[in-house]
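Trainee: let's see this in three dimensions:
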Amino acid sequence: MKISPLAGKPAPESILTNVPRLVTNYYALAPDPGNPAQRVAFGTSGHRGTSDAGSFNEAHILAITQAICLHRKQQKIDGPLFMGFDTHALSEPAFASALEVLAANDVEVMIDSHDSWTPTPTVSHAILTYNKGRRDAPGDGIVITPSHNPPEDGGFKYDPPSGGPADSATTKWIQDKANEIIAGGLKDVRRVPLSRAKAAATTHRHNYIDHYVGDLGSVIDFDAIRGAKLALGVDPLGGSGVRYWSAIAERYKIPLTVVSDVVDPTFRFMTVDWDGKIRMDCSSPYAMARLIGMRDRFDVAWACDPDHDRHGVVTRSVGLLPPNDYLSVAISYLFTHRPDWALTAGVGKTVVSSDMIARVAKGIGRPLREVPVGFKWFVDGLLNRTLGFGGEESAGASFVRRDGNCWTTDKDGLIMGLLAAEITAVMSKDPGELYKDLVKQYGQLFYARIDAPATAEQKKKLAALKPSDIAVKELAGEKIVSVLNNAPGTSDPIGGIKVISDGGWFAARPSGTEEIYKLYAESFRSREHLEKIQAEAQGILSRVFG
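Mentor: Predicted coordinates for the structure are as follows:
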């Protein structure tokens, strides 16, 4: 992975997105149905693309929204649809297009009462709150966000009544129907002008911020945070939660400093990520350089990505915690400090997350459920209380309320940041110090993820890999004991391959949102052993790619 000379430095003017052109192309360019790169394609979390490349344009949003309306009728989902959007430049135009279609289809839509941005977890929370105890007329939702992706990207995802990301069967149906609608020239799209859509009797205002913030005491111990008198900091990274943090601080009387409340669709205030792109990845030390530089000002601090479903925790003791490290600390703390959680509630991890999570789960006597990448695999477990926590190595996680009932079924960066404050307050150690304690107890593991360029054809080959395609018998000098292309906890495809030896493992899978593949690796031996695993894994993948 070649690191750009711009990495970790303020974004230069030369790489900023031309927002007027981006928005113009959203309306002006029409996708070519015969071009695979311009078709609707739902990845791990919705459809993503950019208007400049003809992959996220008005036609896509009109068609996807009409397909969602048809899906709702087919599934008899006739309650309100909760809709939110983040601060990316294409999110508000997509919101307007979607609302025009929803209003024309007589869908009851709940939009933000302040015409403002709405974090992903607040939509999940709203759906679950509305549906609780209901047997009829369930609600669902739409979240318009490309998550931490670059400023020129757009994203659009559907949340069914379960409140989390839709399952693969649902997204495939919506995707195929949307492509059919685009190929038909959008003639099946029902639509009214935006002014009529906003004034429609079916369009309602919902105070997302008050409902979500007012309920946070059911999941976070604010009394402990207040009593510890900590110095706390948060950087919203110009995201959709920018107005939530001051509301949280005021309501719960906690000493929280918002280090920046700037919102700018170019995200010019960011430091550049590893590859020379602006990317609001709160798990990247390059993108998080600003907050890391403030580590001595706060006992603990955190940041969230634009839709606030991911988290990055910065401590005085170690700086930015790798996501796996913080997930391990959070699991160890929560399952020993939530006495009302069911004793049978387990831990959910993805197949590409660190084995430290598995060791911690075993050490605290909790069952482990290992799933493919994608938060949708945790939805049922969080709803039925068989999981107390679900987390991904990409810094996305959520957990249940203090009484053990479901909080959200989508990733929630806000509660993961606030949990870091609670942990520090209760344990009198920050999460970085607590991870060092876990290492003493469970051993040192060496983990890394490499993102590398990949063509569409290479990504296709990688996604289709089978255990029999891996011809080698050893990995970094040790016998390979298992090769997986299905997740142990669900038997579902992982969309790639995982190769395991006694001393470590690697996994590889294509990105669902960018032209890259991801190589995950972990050694139970040493940093040098990890590097050997990575090198051999890249050799194996090179042969696969031809």
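Trainee: am I right that residue 459 sits in a helix?
Mentor: Yes - according to DSSP: H, G, I helix; E, B strand; the rest coil, residue 459 belongs to a helix.
Trainee: mind listing what it touches?
Mentor: By Cβ atoms under 8 Å, 6 or more residues apart in numbering, the contact set of residue 459 is 510, 511, 515, 517. From N, CA and C alone the C-beta is placed, and that goes for glycine too.
Trainee: for these, which one is nearest residue 470?
Mentor: Nearest to residue 470 among these: residue 517, at 15.6 Å, using Cβ to Cβ.
Trainee: partners of that closest one in the sheet?
Mentor: Beta-bridge pairing of residue 517, defined through DSSP bridges, involves residue 452, residue 510.
Trainee: how far does the lowest-mean-pLDDT helix or strand in the chain sit from the chain's center?
Mentor: Ranking every helix and strand in the chain by mean pLDDT, DSSP states H and E puts strand 42-43 at the bottom, with a mean of 88. Relative to the mean C-alpha coordinate of its chain, strand 42-43 is positioned 13 Å out (Cα atoms, centre = their mean, to the nearest Å).
Trainee: circling back to that earlier point, which of the contacts of residue 459 are buried, as a ChimeraX select command?
Mentor: Command for ChimeraX that selects the buried part of these, burial taken from 16 or more other Cβ atoms under 10 Å:
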select :510,511,517
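Trainee: for residue 162, which non-adjacent residue is spatially closest?
Mentor: Residue nearest to residue 162 in three dimensions, not counting chain neighbours: residue 379, with 5.2 Å by Cβ to Cβ, 6 or more residues apart in numbering.
Trainee: coming back round to it: direction included, what does the least confident helix or strand of the chain pair against?
Mentor: Under the rule (DSSP bridges), strand 42-43 has strand 46-50 (antiparallel) as partners.
Trainee: next, the buried residues of the helix or strand following the partner strand.
Mentor: Going down the chain from strand 46-50, the next helix or strand is helix 58-75, by DSSP states H and E. Using 16+ other Cβ under 10 Å as the test for burial, helix 58-75 gives 58-72.
Trainee: can you check stretch 136-152 too?
Mentor: Buried-residue list, stretch 136-152, by 16+ other Cβ under 10 Å: 138-152.
Trainee: in the stretch 51-200 of the chain, which spans are strands?
Mentor: Taking DSSP state E, counting those that start in this stretch to define them, one finds strands in the stretch 51-200 of the chain at 81-85, 109-112, 140-144, 153-159.
Trainee: format those as a markdown table; extra columns: mean pLDDT and distance to residue 23.
Mentor: Listed next are the strands of the stretch 51-200 of the chain as a markdown table, based on pLDDT from 0 to 100; distance: least, Cβ to Cβ, whole Å:
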| stretch | mean pLDDT | distance to residue 23 |
| --- | --- | --- |
| strand 81-85 | 98 | 14 |
| strand 109-112 | 98 | 20 |
| strand 140-144 | 98 | 14 |
| strand 153-159 | 98 | 10 |
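Trainee: give me the low-pLDDT residue ranges for this structure?
Mentor: Residues of the chain that meet the criterion pLDDT under 70 lie in 1, 513.
Trainee: in contact with residue 64, which residues?
Mentor: Counting by Cβ under 8 Å, 6+ apart, residue 64 has contacts 40, 47, 98, 156, 158, 174, 178.
Trainee: show the buried residues in the residues you listed.
Mentor: Looking at the contacts of residue 64 with 16+ other Cβ under 10 Å, the buried ones turn out to be 40, 47, 98, 156, 158, 174, 178.
Trainee: which of those lies closest to residue 528?
Mentor: Nearest to residue 528 among the buried ones among the contacts of residue 64: residue 47, at 41.6 Å, using Cβ to Cβ.
Trainee: so who does residue 137 touch?
Mentor: Per Cβ under 8 Å, 6+ apart, neighbours of residue 137: 78, 79.
Trainee: and the gap between it and residue 402?
Mentor: Residue 137 sits 29 Å away from residue 402, going by Cβ to Cβ, to the nearest Å.
Trainee: please report phi then psi for the closest residue to residue 526 other than its chain neighbours.
Mentor: Leaving aside its chain neighbours, residue 526 sits nearest to residue 446 (6.5 Å; criterion: Cβ to Cβ, 6+ apart). Reported as degrees, to the nearest 10, the phi and psi values for residue 446 are phi -120, psi 110.
Trainee: so residue 446 bridges to which residues?
Mentor: Beta-bridge partners, per DSSP bridges, of residue 446: residue 523.
Trainee: and it, what does it touch?
Mentor: Contacts of residue 446 by Cβ under 8 Å, 6+ apart are 504, 522, 523, 524, 525, 526, 527, 529, 530.
Trainee: and which of those residues is nearest residue 125?
Mentor: Of the contacts of residue 446, the one sitting nearest to residue 125 (Cβ to Cβ) turns out to be residue 522, at 33.3 Å.
Trainee: separation between that closest one and residue 286?
Mentor: 22 Å.
Trainee: likewise for residue 332?
Mentor: Relative to residue 286, residue 332 is positioned 28 Å away (Cβ to Cβ).
Trainee: cool, residue 355 as well?
Mentor: 26 Å.
Trainee: now the buried ones among the contacts of residue 64 in CSV, with distance to residue 239?
Mentor: Listed next are these as CSV, based on distance: Cβ to Cβ, whole Å:
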residue, distance to residue 239
40, 25
47, 20
98, 20
156, 17
158, 21
174, 26
178, 27
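Trainee: show me which of the residues you listed is closest to residue 389.
Mentor: The closest of the buried ones among the contacts of residue 64, once distances to residue 389 are taken by Cβ to Cβ, is residue 158, at 24.5 Å.
Trainee: how about the contacts made by that closest one?
Mentor: 46, 64, 68, 71, 140, 141, 142, 166, 170, 171, 174.
Trainee: and if you look at residue 361?
Mentor: Applying Cβ under 8 Å, 6+ apart, the residues contacting residue 361 are 331, 346, 347, 349, 367, 368.
Trainee: same deal with residue 231?
Mentor: Contacts of residue 231 by Cβ under 8 Å, 6+ apart are 255, 257, 297, 298, 299.
Trainee: got a list of what the fourth one touches?
Mentor: To tie it back to what came earlier, the one meant is residue 298. 230, 231, 232, 233, 257, 314, 316.
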